[in-house]
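Novice: Provided below for reference: sequence and predicted model.
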Amino acid sequence: MAAMKILPLLVSAALLGAVLALPNYVDLIPNGANVRLPCSGSVCAVGHQNPAGEGALNAFGYDFASAGRKWTQALCLQDSDGDGVSNGQELGDPECVWRVGESPARSSDISNPGVNENNVKC
């Protein structure tokens, strides 16, 4: 009977540890914390279909995962959402030279590399 009371606590602790262990990916791409939704202007989770994060990835999320969750020159040059603009251009690193901890070349006019703005209807 005591084990039945302890089991939920152990499961909760394990899940909390897993959640807290997730890295903060927005720091691993240029302007990651400044990407906004095209219609509302709200900050969004760049690599997810759900703007709040969690759940299914969008095209950029898959490409970021395939790049080892690192900002690489190949990921920068890619056009994950197929809108004709490279991920680097959308995130303010048009020359693909940004490194973690540095300021990107541009911090304005940032768009989401996982959302083809040409197809968005507000």
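Specialist: It's in. Numbering: from 1, shown residues only.
Novice: On the three-state scheme, residue 89 is what?
Specialist: helix (DSSP: H, G, I helix; E, B strand; the rest coil).
Novice: so how far is residue 30 from it?
Specialist: When C-beta to C-beta, to the nearest Å is applied, the distance between residue 89 and residue 30 equals 11 Å. The way it works is simple: take the backbone N, C-alpha and C, and place the C-beta from them, glycine included.
Novice: These two - which one has more neighbours?
Specialist: residue 30 (27 against 21; other C-beta atoms under 10 Å).
Novice: Find the residue closest to the more buried one in space, skipping its chain neighbours.
Specialist: Beyond its immediate neighbours in the sequence, the residue positioned closest to residue 30 (C-beta to C-beta, 6 or more residues apart in numbering) is residue 104, lying 3.8 Å away.
Novice: From residue 25, how far out is the one you found?
Specialist: In this structure, residue 104 lies at 16 Å from residue 25, with C-beta to C-beta as the measure.
Novice: before we move on, what about residue 57?
Specialist: The gap separating residue 57 from residue 25 is 11 Å, by C-beta to C-beta.
Novice: what does residue 93 give?
Specialist: Distance check for residue 93 against residue 25: by C-beta to C-beta, it reads 16 Å.
Novice: Check residue 60 too.
Specialist: Computed with C-beta to C-beta, the distance linking residue 60 and residue 25 is 11 Å.
Novice: Which of the two has more residues huddled nearby?
Specialist: Taking other C-beta under 10 Å, residue 60 and residue 25 do not tie; residue 60 has more neighbours (25 against 17).
Novice: what's the neighbour count on the nearest residue to that one once chain neighbours are set aside?
Specialist: The shortest distance from residue 60 to any non-neighbouring residue, by C-beta to C-beta, 6+ apart, is to residue 114 (3.3 Å). Neighbours of residue 114 under the rule other C-beta under 10 Å: 24.
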